[in-house]
Every structure is written in C-alpha cells, then in structure tokens.
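Peer 1: Please work out how this folds:
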Amino acid sequence: MADHKHYKEYIDIKGDGRIILYTRSDQDKPKYYVRLKFPHKTGYVIRSSKTMDQYEARRFAEDLYYELEGKLRRGEEIKPHLFSEVFVNWSKYKRIEGKEKVYTESDIRAVELYLLPFFNNADIQKIDNDKIREFFEYRMTSTTPPPSTSTLKQEVRRLKSILNFCLDRGNIQKLPKFPTFKVNKNPRPDFNEAEYRRLYTFMRKHLKEAIGNKAHYRDRFYLQQYVLILANSGIRAGEARYLKWSDISNTKTLSGDTRIVLFVEGKTGAREVVCNETMGRYLNRLYDSRKDELEDIPDPSEYIFSHRNGRPINSLRKSFNTLMDNSGLAYNNK
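Peer 2: Model prediction:
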C-alpha cells in the first residue's frame, strides 16, 4: 500500500501504476475510486466506481481503462468537457460580446441558479435529448408552484446559447432537441432570506400544533426535516427520496472541521454532497425519532425518509403544497 495519508486502501491492479483502486481514509464507508494513467499522457483520469464492492470496482476500472485506451488510439479526447468548465468560458464570452451588462449578468446569474447545479459535472457531449428533458422535469418540480412558461422559455434560450457556444468551438457535433412542456400559472421564483425565515418559523408552530396526534405529528416532523435538509444541502427531491442511512459519511475540511457527506443518486447520476455544519442536527433528529419508533437502531439500508413500515416516502409534494398554502408563502406577493 502506498504511504499516503488520504488512502485507506491502495490497490495496483496491474502492478505497473496504470490502474489504481483506492478508498479515502476520511470516509467511514468509502466507495472505491479509480485512478488511471495512460502512456505518453500527462496527469491522471480519476473516477468514482460508485461501489464499495472490490470485485465490482475492479471490473469497472478495467472496463473504463480499455474504453479510454481505445479512444486514444482513435485519436479521440478522453478528458470530458464539463458543463461547469464550459460555463466559465461562456460567461467570459458573454461579458465581452457587447450586450447590455444588466442583461448579461442576469443571464449568467440565472444559469448559476438552475442550469449549473443540474448539469455541473456532466460531460457536455453527453447532454442529449433525454438529459435536456430531465432538466425541464427537474425545473417543473424544483419549485412550488412551477415556473411560468416565460421563465422556461428563458431557460431554453440560455441553454441553447451555451450549447451553440460549444458547437462553434467543436465541442459538440449538433444541438439536442428541446421538449415541449405544460406548466401552471402564477409561479413563485424562489425564497429570499426573510421568506425562508418565515417558513421555518411557521414549521415549528405547525409541528407544535400536532402534539397529541401521533400520525399528524410524524408527518409534519418528517416534512420539517425534509425541508431543512434540502435547503441546507442542495440535494434534490429525487435524490432525497432514496437516501439511506448507509449513504452518510464524514469528511474533514482544510480547517479541521467535520462535515457530513451525502452520497446521492438521481436524474443527473451519482454524486457526493458536502453539507454545511447544521446538517448533523436534522439528520440526528430523524435518526433518534426512528430509533424511538423502532425501539432499536435503524438498519443502515433503510431509507431516511420512510414510513413506519420502512418503505420510502415516495413524495412529500402534497404535504409541502399544503404547508405553502397554510404559511401564506405559496405565491410571490411582490
């Protein structure tokens, strides 16, 4: 094993440094990472195998190596053009394009709010028709009520601008198609700080009012933690739905602080999310509540947002909509 403070396991599959499997020492339940080195190429290709099983990780690593080696032999690039990197270059281009600054900055900020979090580490070459459709499905469910038709048309315009930027530079061969969509009226664009404070204050009151009714109290308690966890982690509703206790680990920041890491999977694939310092409070509430309910320690494979019988709560949308109505925050009153 290599003498490296960040490695928990270090496996040289071929014995020549080309295909390395390793796990990180700062994670309690680490998944295997793959590090690939190709002859006559500088740097490494590093990917997550997304599994804790060493056999599956080995198979993933070898398949990936020979896939990328084939691309190199054909003269193709093996380094993806990530959306996040393209966004940086597109932003610079937009700022020198000559359009009015207020509109340019508005577009850039809007991309940072919605497009960038969704596509972040996606290879720009893999943003196809299905991925575009997934984005608009996400936009339709990420806010309540959903965005207006006008807002979605603006999202189409911005995404087309970025993809045309890539097309002009040869990063992609053609533009994907954009789906038609049906939306509701009178959207709420987002929450400002004062509105968010009003929401979590109302949730406390809403929960206290259910004391004495176990079923209502449980529903409101889970909804409260759901809102707080999504707001403080940035994970999406689809990612939270199948989040398990075994998907939680810890990491250390450069300053030595411990942060919770969530391994989530959703429409955009698997990713690790480093949460802010308040996240432990909300997860501990759910864990302690479930422990009291079971009179035992929850199984690591159990879903965090679950019914009493352990089955996942498929949707909290109806409860959330009721919460928005009762709190007076369903619509933007500006």
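Peer 1: And the strands in this protein, which stretches?
Peer 2: Remark: strands assigned in the chain by DSSP state E are 7-12, 19-24, 33-36, 45-48, 248-252, 258-266, 269-274.
Peer 1: any weak-confidence spans in the stretch 51-200 of the chain?
Peer 2: Along the stretch 51-200 of the chain, the parts satisfying pLDDT under 70 run over 76-78, 98-103, 180-190.
Peer 1: hmm, try it at 80
Peer 2: The stretch 51-200 of the chain contains residues with pLDDT under 80 at 71-72, 74-80, 97-103, 142-146, 148-150, 170-173, 179-192.
Peer 1: circling back to that earlier point, let me know which of the strands of the chain is the nearest to Pro117.
Peer 2: Nearest to Pro117, of all these, is strand 269-274, at 10.5 Å by Cβ to Cβ. Where you see a C-beta, it was placed from the backbone N, CA and C, and this is true even at glycine.
Peer 1: returning to that earlier point: I'd like the strands of the chain as a markdown table, with mean neighbour count, distance to Ile297 and mean pLDDT appended.
Peer 2: Output for the strands of the chain, formatted as a markdown table (neighbours: other Cβ atoms under 10 Å; distance: least, Cβ to Cβ, whole Å; pLDDT from 0 to 100):
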| stretch | mean neighbour count | distance to Ile297 | mean pLDDT |
| --- | --- | --- | --- |
| strand 7-12 | 16 | 24 | 84 |
| strand 19-24 | 20 | 25 | 89 |
| strand 33-36 | 20 | 29 | 90 |
| strand 45-48 | 14 | 28 | 82 |
| strand 248-252 | 16 | 14 | 88 |
| strand 258-266 | 18 | 18 | 87 |
| strand 269-274 | 14 | 24 | 84 |
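Peer 1: and the gap between Gln224 and Met324?
Peer 2: For Gln224, the distance to Met324 (Cβ to Cβ, to the nearest Å) stands at 14 Å.
Peer 1: One more: Leu167?
Peer 2: 40 Å.
Peer 1: Find the centremost residue of the chain, please.
Peer 2: The centre of the chain sits closest to Ile235, judged by Cα atoms, centre = their mean, with a distance of 4.9 Å.
Peer 1: Please work out how many residues are found near the nearest residue to Ala237 once chain neighbours are set aside.
Peer 2: Counting by Cβ to Cβ, 6 or more residues apart in numbering, Ala237 lies nearest to Thr141, which is 6.3 Å off, once chain neighbours are set aside. Neighbourhood size, Thr141 [other Cβ atoms under 10 Å]: 14.
Peer 1: what sits against the spatially closest residue to Ile162 that is not a sequence neighbour?
Peer 2: Leaving aside its sequence neighbours, Ile162 sits nearest to Trp90 (Cβ to Cβ, 6+ apart; 5.2 Å). By Cβ atoms under 8 Å, 6 or more residues apart in numbering, the contact set of Trp90 is 161-162, 165.
Peer 1: For Pro30, state which of those is nearest.
Peer 2: For the contacts of Trp90, the nearest to Pro30 is Ile162 (34.4 Å; Cβ to Cβ).
Peer 1: follow-up on the earlier one: quick one, which of Gln224 and Met324 is more surrounded?
Peer 2: Remark: of Gln224 and Met324, Gln224 carries more neighbours, 20 against 17, as counted by other Cβ under 10 Å.
Peer 1: ranges for the helices of the protein?
Peer 2: Applying DSSP state H to the chain gives helices spanning 54-73, 83-96, 101-110, 116-119, 129-142, 149-168, 193-208, 214-233, 237-241, 279-294, 317-327.
Peer 1: Centre of the chain to the second one, how far?
Peer 2: The gap between the average C-alpha position of helix 83-96 and the chain average comes to 21 Å, counting by Cα atoms, centre = their mean, to the nearest Å.
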